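**Student:** Fold the following for me, if possible:
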Amino acid sequence: MIRDDAAYALSQAEFFDICDDEQRRMLAFASDRRRFDADAVLYQSGDVPQGAFVLISGTLKAKPDGHGKPYAISELGSIVSAMALILAKPRPLTVTAVTDCEALFVPRHAFMKLVQQSPELAQRAVAQVERDLGNYLGALEPARRKMKAD
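**Tutor:** Residues are numbered from 1 along each chain as shown. Below is the predicted model of the structure:
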């Protein structure tokens, strides 16, 4: 039953739409459910996360380095640090629990093992990263135009 709950949480996370039901079940088996008290730190800016978190309940706060504004994460299935499933790089973000929270931790090694076993999943993962990067760059376009005009 617990693994069914984990597979359900993964099905609610948009990033894992690239996985079929069996792949989500396999990831659920490799994942673990974690509880965080209010004010607990999931990871600090500069840390290299070993995977991603899928929010099950509660509210998180993400605080970017520099001038970025903190923002809340509270929707079931929100994924924190999807890129950590693919890249072992420090994150420029501190994520803390605002309320008591529950999240599913999906380890990078489990996701990468699935990608290595499934060329189709690898292609879908690349396409998802390209879409996410395109959306990110598109969101930065107004700032680029403003800087160019100044």
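**Student:** Tell me the spacing between Glu120 and Arg35.
**Tutor:** The span separating Glu120 from Arg35 equals 34 Å under the rule CB to CB, to the nearest Å. For every residue, glycine as well, the C-beta is placed using N, CA and C.
**Student:** what does stretch 34-41 rub up against?
**Tutor:** Stretch 34-41 is touched from outside by 42, 53, 58, 94-105, with contacts defined as CB atoms under 8 Å, 6 or more residues apart in numbering.
**Student:** Can you tell me the element Arg35 falls in?
**Tutor:** Arg35 is located in strand 32-36, with elements delineated by DSSP states H and E.
**Student:** What strands line up against the next helix or strand after that strand, and which way round?
**Tutor:** If you walk from strand 32-36 toward the C-terminus, the next helix or strand you reach (DSSP H and E) is strand 41-43. As defined by DSSP bridges, the strand partners of strand 41-43 come to strand 93-97 (antiparallel).
**Student:** and the partner strand, how far from the chain's centre?
**Tutor:** Distance of strand 93-97 from the chain centroid (CA atoms, centre = their mean, to the nearest Å) equals 12 Å.
**Student:** got the contact list for that strand?
**Tutor:** For strand 93-97, using CB under 8 Å, 6+ apart, the contacting residues are 36-45, 53, 58-65, 73, 80-81.
**Student:** Buried subset of those residues, written for ChimeraX?
**Tutor:** Of those, the buried ones can be selected in ChimeraX as follows, counting by 16 or more other CB atoms under 10 Å:
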select :36,42,43,53,58,59,60,61,62,73,80,81
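**Student:** Going by neighbour count, which residues of the strand holding Arg35 are buried?
**Tutor:** By neighbour count, and taking 16+ other CB under 10 Å as the criterion, the buried residues in strand 32-36 are 33, 36.
**Student:** Quick one: mean pLDDT over it.
**Tutor:** Taken as a whole, strand 32-36 has a mean pLDDT of 95.
**Student:** now swap in stretch 50-65 and tell me
**Tutor:** Stretch 50-65 carries an average pLDDT of 94.
**Student:** Figure out the length between the terminal residues of that stretch.
**Tutor:** Its start and end residues considered, stretch 50-65 measures 20 Å (CA to CA, to the nearest Å).
**Student:** Lovely, talk soon.
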